[in-house]
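K.L.:
Any chance you could fold what I've pasted below:
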Amino acid sequence: MRYSGGSNSGSGGGGSPAPLVPVVSSLAKIKGGLTETDSQNVTLEFSVTGAAMMALSNTANFAGAVWEQYSPTKNWLLTSGVGAKTIYAKFRSSLGRELAVYKVNIVLNDGYTPVVVS
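P.N.:
Residues are numbered from 1 along each chain as shown. Take a look at the predicted model:
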């Protein structure tokens, strides 16, 4: 998702101007590409050019989420209980423009009980 039309920067200086809208180079994912884990603690990885802030949540409505400084990695606590989990992420540029919400899915198991996700 790249901004098109108009100027991206009023500086007129050399180099590439920062995008007005963050550009996702690769979607958010669980570190190592995991799709299943037996730990509530996971590390998320992001590659979002032009992102200044990010907000993460275990709920689609981002209840209780706060905007924080963008980082390419983030330790995250999944909700308790075995089964499918979704982590929601959104990103904002320094100008306040936001990307759509991205979702990362993972299955939390207890290491013993088979989890069937339909």
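
K.L.:
rest of the way, CA atoms for contacts and neighbours
P.N.:
Noted.

K.L.:
For the spatially closest residue to residue 72 that is not a sequence neighbour, give me phi and psi.
P.N.:
In this structure, residue 72 finds its nearest non-sequential neighbour in residue 46, 4.8 Å apart by Cα to Cα, 6 or more residues apart in numbering. With angles defined as degrees, to the nearest 10, residue 46 sits at phi -130, psi 150.

K.L.:
What is the neighbour count of residue 46?
P.N.:
19 (other Cα atoms under 10 Å).

K.L.:
Also residue 42?
P.N.:
A count of neighbours around residue 42, defined by other Cα under 10 Å, yields 17.

K.L.:
Kindly state the beta-bridge partners for it.
P.N.:
residue 76 (DSSP bridges).

K.L.:
Please verify my assumption that it contacts residue 79.
P.N.:
No. In this structure, residue 42 is not within contact of residue 79 by Cα atoms under 8 Å, at 11.1 Å.

K.L.:
Not counting the helix or strand where residue 89 lies itself, show me its contacts.
P.N.:
For residue 89, the host element (DSSP states H and E) is strand 83-92. Applying Cα atoms under 8 Å, 6 or more residues apart in numbering, the contact partners of strand 83-92 are 21-22, 28, 48, 51-60, 62, 70, 78-79, 98-109, 115-117.

K.L.:
same question, stretch 70-82
P.N.:
By Cα under 8 Å, 6+ apart, stretch 70-82 touches 40-48, 51-54, 58, 85, 87, 91, 107-110, 115.

K.L.:
that older thread, confidence score at the residue nearest to residue 72?
P.N.:
Looking at residue 46, its pLDDT stands at 85.

K.L.:
what's the spacing between it and residue 82?
P.N.:
Separation of residue 46 from residue 82 (Cα to Cα, to the nearest Å): 25 Å.
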